[in-house]
Structures are given as structure tokens and as C-alpha cells.
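Chemist: Need coordinates for the below:
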Amino acid sequence: MKFNKFIAAIAIASLCACSANSQVANNGVKTPKPIQLFNGKDIKDWTPKIKLHEVGENYANTFRVEDGLLKVRYDGYSDFNQQYGHLAYKKPYSYYLLKVEYRFVGDQTKGGEGWAWRNSGAMLHGQDPKTMLKDQDFPISIEGQLLGGDGKNERTNSNLCTPGTNVVIKDKLFTPHCLSSTSKTYHGDQWVTAEFLVLGDSVIQHILDNQVVLSYNKPQIGGSNVINYDPAQKTDGKLLSEGFIYLQSESHPIDFRKVELYDLSPYKADQTKLKQVVDALLEK
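Modeler: Presented below is the predicted three-dimensional model:
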């Protein structure tokens with residue numbers, strides 16, 4: 001189901017004004033319980049897909065659970081060799097608020113590109129991992145970049161990248177691969193909470209510290225920046241109304257301590273209720 005422009009505008013306005021609407025939003029609004037995509041114990045509900053390896057093969061134990069954390073590590077690699085990895089949750093979602101708590105740790109592994117230093121991501125509306133080919137580098141998806149700073153220089157976080165996709169910004173098709181957000185820089189090994197509001201094929205917003213730092217519309221298949229994929233999976237121009245959620249491995253160690261999702265699909269036909277629920281969730 002698509003949101004029309006009026007509904008999309010309300011969704012955007014509600015996020016930007018969530019503090020002003022807090023009293024109304026919290027007045028008797030019943031919000032959905034979070035679905036813990038990461039259970040703190042194992043990754044049985046997740047499917048790894050690492051470039052140069054078959055779907056389901058967790059090469060070199062890249063994705064592992066230790067001390068209650070979902071960790072991405074490279075101690076089994078002799079060289080990264082562009083073996084980009086992705087870990088897909090077991091089912092697709094359409095309307096939701098995703099919250100990811102993460103931190104970068106340690107040093108980048110040998111062979112990682114410079115741009116991949118303290119770089120990971122949450123892939124949204126991704127293709128089914130079972131449809132990815134062995135040598136494919138990234139799932140066709142919308143990427144919410146997770147980025148860390150070097151302690152000195154500015155580096156925005158929660159940017160957008162588009163492997164095999166495009167989006168619409170200000171009523172125009174946006175085709176460059178990446179777009180920076182308006183966020184501050186998050187230096188060091190601090191824990192960061194990144195939120196992503198996804199409303200089907202209408203609105204996607206990136207949120208940090210209760211502030212919308214990036215917003216766009218009509219996510220769709222298109223463009224390049226993905227290689228060795230099955231052409232049958234890339235129907236350019238097709239709107240993405242749902243998909244799989246992935247966590248990324250791009251050569252820098254990272255920990256995830258929470259990956260939770262609030263399913264908003266029960267409210268998608270009621271714009272007023274959806275607005276109230278989103279407001280309340282963002283104030284938690």
C-alpha cells in the first residue's frame with residue numbers, strides 16, 4: 001500500500017515535531033512491543049551471505065555471538081579481498097521502525113578499503129538472501145550507513161547508499177550512489193543508536209538522537225553499484241515496498257548489542273494512529 005503525498009507529509013512532520021507533540025502522543029497511545037531481531041544468544045534467525053561464498057556459509061566465523069553481543073570479526077581472514085558480508089534476518093518487513101545499537105572496535109582488517117574504515121550498515125528493503133549469487137557483492141537494497149569518526153575530522157553518520165537502487169528526493173529521482181546526512185560525527189568506540197523509519201514504498205527516514213538526519217521517498221530498484229547479481233532480481237523502476245533487513249560486514253570490526261523492530265503495518269491504513277504511534281516510539 002502506498003502513502004499519498006498528504007500522508008507522507010504528515011509522517012515527516014510528526015517526526016520533526018515529535019517533542020512538541022509529546023504530551024498528545026503519550027496520552028493513552030498504545031505502541032507495539034518491540035520484536036528482538038537479535039536474541040542475544042545466537043544468529044539462528046539470520047542468514048549470512050558473504051561475497052565469494054554460498055548463501056548460508058558464515059565464512060571464517062565472520063558473524064558470531066559472544067558476551068551477549070553480535071560481533072563482526074575478521075581474525076580468520078588472511079586478507080579481506082573485498083569479501084563483503086551481509087547477515088539477513090529471516091523474514092521481510094514493510095512498515096516498521098528499526099533500532100540498531102552498535103559500536104566500532106579495534107582496527108580495520110588487512111585488505112579493507114580506506115572508505116570502509118569504521119564503516120558498516122543496516123540494509124533496508126533488501127532482496128531475499130536466497131536470490132543472491134555467490135560472487136555478488138551487496139544485496140540489492142537501501143543502505144543506512146553506520147559510520148564512525150577518527151577523533152578529529154567531521155564525518156556524517158546514517159548516510160544513504162544505494163546498491164542497485166535509487167530514491168526520490170524533492171520529487172526528483174536521485175541516482176548518485178551515496179548521500180550524506182545532516183548528522184554530527186560520532187567518534188571513538190561509543191555506543192550509538194541508529195533508527196530507521198520505513199513506511200513501505202513511500203517514506204524512509206534516518207534518525208539519530210531523535211532528529212531526522214535524512215529523508216527520502218519512493219525507494220526503487222535501479223542504477224548500478226552492485227555486481228554479479230541475477231538479472232531476474234533487478235527490475236529497474238520497481239518500487240520497493242518491503243524487503244529483508246541485513247547487517248553489514250565491510251572490513252572493520254563492529255559490535256551490535258540490540259537490533260529491534262517495531263512493526264507498524266497494523267497502522268498503515270490509519271494516518272492519525274500511525275502518527276501518534278511513531279511519535280510515542282521516538283520518545284522512548
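Chemist: in stretch 64-76, what counts as buried?
Modeler: Within stretch 64-76, the residues that count as buried by 16 or more other Cβ atoms under 10 Å are Val65, Leu69, Leu70, Lys71, Val72, Arg73, Tyr74. C-beta: built from backbone N, CA, C; applies to glycine.
Chemist: I'd like the average pLDDT over stretch 258-267.
Modeler: The pLDDT scores in stretch 258-267 average 98.
Chemist: Give me the distance from that stretch to the chain's centre.
Modeler: 13 Å (Cα atoms, centre = their mean, to the nearest Å).
Chemist: in that stretch, what's buried?
Modeler: Using 16+ other Cβ under 10 Å as the test for burial, stretch 258-267 gives Lys258, Val259, Leu261, Tyr262, Leu264, Tyr267.
Chemist: Phi, psi for the closest residue in space to the last one that isn't next to it in sequence please.
Modeler: Right, the one you point to is Tyr267. Nearest in space to Tyr267, with sequence neighbours left out and distances taken as Cβ to Cβ, 6 or more residues apart in numbering, is Leu274 at 4.1 Å. Main-chain dihedrals, Leu274, degrees, to the nearest 10: phi -60, psi -40.
Chemist: What sits closest to the residue nearest to the spatial centre of the chain if chain neighbours are left out?
Modeler: In the chain, the centroid-proximal residue (Cα atoms, centre = their mean) is Ala122; its distance is 2.6 Å. Closest residue in space to Ala122, ignoring its immediate chain neighbours: Gly144 at 4.6 Å, by Cβ to Cβ, 6+ apart.
Chemist: For the one you found, grab the count of nearby residues.
Modeler: Each residue near Gly144 was counted by other Cβ atoms under 10 Å, and the total is 29.
Chemist: quick one, what contacts it?
Modeler: When contacts are counted by Cβ atoms under 8 Å, 6 or more residues apart in numbering, Gly144 touches Gly121, Ala122, Met123, Leu124, Ser158, Asn159, Leu160, Ala194, Phe196, His206.
Chemist: Dump those residues to TSV, plus distance to Lys130.
Modeler: Listed next are the contacts of Gly144 as TSV, based on distance: Cβ to Cβ, whole Å:
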residue	distance to Lys130
Gly121	20
Ala122	20
Met123	15
Leu124	18
Ser158	28
Asn159	28
Leu160	26
Ala194	27
Phe196	23
His206	28
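Chemist: Dump the residues you listed to a markdown table, plus secondary structure.
Modeler: A markdown table is the format used below for these (DSSP: H, G, I helix; E, B strand; the rest coil):
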| residue | secondary structure |
| --- | --- |
| Gly121 | strand |
| Ala122 | strand |
| Met123 | strand |
| Leu124 | strand |
| Ser158 | coil |
| Asn159 | coil |
| Leu160 | strand |
| Ala194 | strand |
| Phe196 | strand |
| His206 | strand |
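Chemist: what's the closest of those residues to Thr47?
Modeler: Thr47 has its nearest neighbour among the contacts of Gly144 in Met123, at 12.6 Å by Cβ to Cβ.
Chemist: Surely the closest one touches Ser249?
Modeler: No. If you go by Cβ atoms under 8 Å, Met123 and Ser249 don't touch, sitting 11.3 Å apart.
Chemist: ok, the two, which is more surrounded?
Modeler: Shown here are Met123 and Ser249; by other Cβ under 10 Å, Ser249 has more neighbours (27 against 24).
Chemist: can I assume that one is in contact with Ser120?
Modeler: Yes. If you go by Cβ under 8 Å, Ser249 and Ser120 touch, sitting 7.3 Å apart.
Chemist: quick revisit: what's the residue nearest to Tyr267 in contact with, if anything?
Modeler: With contacts defined as Cβ under 8 Å, 6+ apart, Leu274 is in contact with Ala11, Leu199, Leu264, Tyr267, Lys268.
Chemist: Make sure the second one is actually in contact with Ser265.
Modeler: No. Shown here, Leu199 and Ser265 do not form a contact pair, counting by Cβ under 8 Å, at 9.8 Å.
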